[in-house]
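Undergrad: Predicted model, plus sequence, below.
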Amino acid sequence: IVSTYQAVSGTGKAAVKELEKEAKDFLENRDTKPEIYPHQIAFNLFPQVGNLSKEYPGYYAEEVKFIRETRKILGEQDLAISATCVRVPVFNAHSEAITVEFEEKMSPEDAKQMLRNSPGIKVIDEPEKFLYPTPFDVSGKDEVFVGRIRKNPLFPNSLDLWVVGDNIRKGAALNAIQIAESLIKDSKN
């Protein structure tokens, strides 16, 4: 299960400029009219990235793309996966809340060690010190950052993760897939 929180830069430069303009208009108490998105994006968010899918009722295009890419890259066409993609008022860097279910139990400590040993992944996971990845902190960096690694209380063989990466350097789907590949590969060894 994954929920993505996608920055406006994923839509392009015009969307970044629209967020800047809407934020300024809002702070100066002026009305604003969205042109790129169906709703004002400044100080708002909405669960829509792309158009509604005809093939998957109720899903938007980005969610369908995410599911397909994940299955293709992992070579698991029957992989059970659900995605919700949310557009957020952040200029750059996509974030993801991911629940990963394994065949066998995996501790958060084992997952952290596996991820630390994976190229291109950096673990920042000290929530008691308010240390976890944020879009602001990872913008302009090549690595995918992972934090908030913890047991899921509902599913015994599951972990919850928070993943953030610069979407200009790496796409949202690739971030999640890179993390999943790392954990799956290492859990089978």
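TA: Everything's here; your move.
Undergrad: For residue 108, which non-adjacent residue is closest in space?
TA: residue 149 (4.7 Å; C-beta to C-beta, 6 or more residues apart in numbering). C-beta coordinates here come from the backbone N, C-alpha and C atoms, glycine included.
Undergrad: Okay, and the one you found sits in which element?
TA: strand 144-151 (DSSP states H and E).
Undergrad: again, but for residue 183
TA: Residue-wise, residue 183 maps onto helix 172-188 under DSSP H and E.
Undergrad: which residues of the chain fall in strands?
TA: 2-6, 83-87, 94-101, 121-123, 144-151, 158-165 (DSSP state E).
Undergrad: any idea of the mean pLDDT in the strand holding residue 149?
TA: In this model, strand 144-151 has a mean pLDDT of 97.
Undergrad: what does that strand contact?
TA: 107-108, 111-112, 115, 120-125, 127, 131-133, 137-138, 158-165, 170, 175, 178-179 (C-beta atoms under 8 Å, 6 or more residues apart in numbering).
Undergrad: Which of the residues you listed are buried, as a ChimeraX select command?
TA: Provided next is the ChimeraX selection string for whichever of these are buried by 16 or more other C-beta atoms under 10 Å:
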select :111,112,115,121,122,123,124,125,132,133,138,158,159,160,161,162,163,164,165,170,175,178,179
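Undergrad: rewinding a little: any buried residues in the strand holding residue 149, and which?
TA: 144-149, 151.
Undergrad: angle of that strand against strand 94-101?
TA: 40 degrees (axes from the mean of the first three to the mean of the last three C-alpha atoms, to 10 degrees).
Undergrad: Serialize the buried residues of strand 144-151 to a markdown table and add fields for distance to residue 5.
TA: Below are the buried residues of strand 144-151 laid out as a markdown table (distance: C-beta to C-beta, whole Å):
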| residue | distance to residue 5 |
| --- | --- |
| 144 | 14 |
| 145 | 14 |
| 146 | 15 |
| 147 | 14 |
| 148 | 13 |
| 149 | 18 |
| 151 | 22 |
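Undergrad: What is the nearest of the residues you listed to residue 58?
TA: Closest approach between these and residue 58, by C-beta to C-beta: residue 148, at 27.8 Å.
Undergrad: Spatially central, which residue of the chain would that be?
TA: Centrality entry for the chain: nearest residue to the mean C-alpha point is residue 96, 2.5 Å, by C-alpha atoms, centre = their mean.
Undergrad: Any idea what the residue lying closest to that residue once chain neighbours are set aside is bridged to?
TA: Take residue 96 and drop its neighbours on the chain: the residue closest to it by C-beta to C-beta, 6+ apart is residue 163, 4.5 Å away. Residue 163 has these beta-bridge partners by DSSP bridges: residue 96, residue 146.
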